[in-house]
Structure formats: structure tokens, C-alpha cells
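1. requesting a structural model of the entry that follows:
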Amino acid sequence: MSCARYVVDLMTPNPVVIGAAQSAWAAECLAEERDVHHLIVMDHYDLVGEVCRCDLRAARAGEPVTRCMHSPPVTVEDQQTAEDALGIMAERHVGCLPVVDWMGALHGIVTLRDLRRAGIVSQELAHACAACGATHDLVPVREDEQVMFCRHCVEQCRTPVGATSDVYYYVDGGGD
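-> Numbering: from 1, shown residues only. All right, here's what the predicted structure looks like:
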């Protein structure tokens, strides 16, 4: 019996989507409201791209989301294995994959964070925010340490799980 784990079992169904004509500002607001890092960009019923909050922060507020999205989107079929998805992510340097069926219809999204939670990516290989587990927009606490935080948690001054007040004080801008 195979112990392969399939994308369909790990994906987040019903990903947050935004229309291709929407502005980067509207996309950022939607991502913030839904507390997601990745948005799927659709033009009517066609999957045309993917955008993450890092891309949106770098974009001008009024420009269309199509100017900062990754297109064409790198996808994975729902019946591929999690290891296949990890290989695609590594090869294409992306942090998420829209999950499609054999006809190309969108069914979900799988992220590097999903794969890490499922044990597909070892903790040593996956850099993640010590406070929330995000895998994007990471900033190291100090150059000589492996502890990292995402910019969102730094901006929100979130304390890492199990951290001492010294670490929190350092991240929040205190120290010598």
C-alpha cells in the first residue's frame, strides 16, 4: 500500500479569488480581510494568475492586479502527490500552487505552509515566521540566527510562540 499523500488531501478548498480588473489596493484589502497571503486571479472563469501580498505591497495602489501577478499560473493537478507539488514549487520558485482538476477547473490552493504542516517539508528546510508560520516576506532576527519573522508579524509586534521577552524586545526595535 502506498503512503503517498495527495494534493487533494492537503489543499485548502475554495481559495480566495480576485478579478483580473481589480486594483492592487483592492486585492491587498481582500487578502487582509480574509487573512491570506495568496490570491488567485481570475478573468471570468479563467485562471490567469496568482498574486501574493509581497507582490501587492510592491505595487502601486491603483494599478490593476494583472500588473503584479504571476502569470501564467503554475498549477498542480489535484491527484498529484504532495512530493510532486513540492518539486514543482522548488523548480519554479513559488510558494503556492492553484490546484486544478484534469479539465483545468480550480478546486483549491496548496502552499508551502500546507506542505510543512503535513510533514512533507522538514522544519530544517522550511524557513517560516516564528510567530505565525508564514513562509513569505521573512526577516531574520539577527544575521547569525535561524529565527525569522514575517514583516506582517514584525509590524503587528507579535510575540513568537515560546519566546522570551528579550527576543520580543529585540524584534520590536529595542536593544542596545
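2. any buried residues in the host helix or strand of residue 18, and which?
-> Per DSSP states H and E: residue 18 is located in strand 17-19. Residues residue 18 are the ones in strand 17-19 that count as buried (16 or more other CB atoms under 10 Å). Just so you know, the C-beta spots here come from the backbone N, C-alpha and C atoms, and that holds for glycine as well.
3. what's that strand packed up against?
-> Packed against strand 17-19 by the contact rule (3 or more CB pairs under 8 Å, 6 or more residues apart in numbering; DSSP states H and E) you find helix 24-34, strand 38-43.
4. residues contacting it, please?
-> 26-27, 30, 39-43, 51, 65, 106 (CB atoms under 8 Å, 6 or more residues apart in numbering).
5. domain boundaries for this protein, per the record?
-> 7-117, 127-176 (automatic domain parsing).
6. pLDDT weak spots in the protein?
-> Along the chain, segments meeting pLDDT under 70 span 1-4, 122-148, 151-153, 155-176.
7. give me that answer again for 90
-> Along the chain, the model assigns pLDDT under 90 to residues 1-5, 35, 37, 44-45, 52-62, 71, 89-95, 104, 112-176.
8. quick one, strands of it?
-> Assigned by DSSP state E, the strands in the chain fall at 12-13, 17-19, 38-43, 46-52, 76-77, 96-100, 106-111, 138-140, 148-150.
9. okay if I get those strands as TSV plus distance to residue 60?
-> Output for the strands of the chain, formatted as TSV (distance: least, CB to CB, whole Å):
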stretch	distance to residue 60
strand 12-13	29
strand 17-19	16
strand 38-43	17
strand 46-52	14
strand 76-77	31
strand 96-100	23
strand 106-111	26
strand 138-140	23
strand 148-150	22
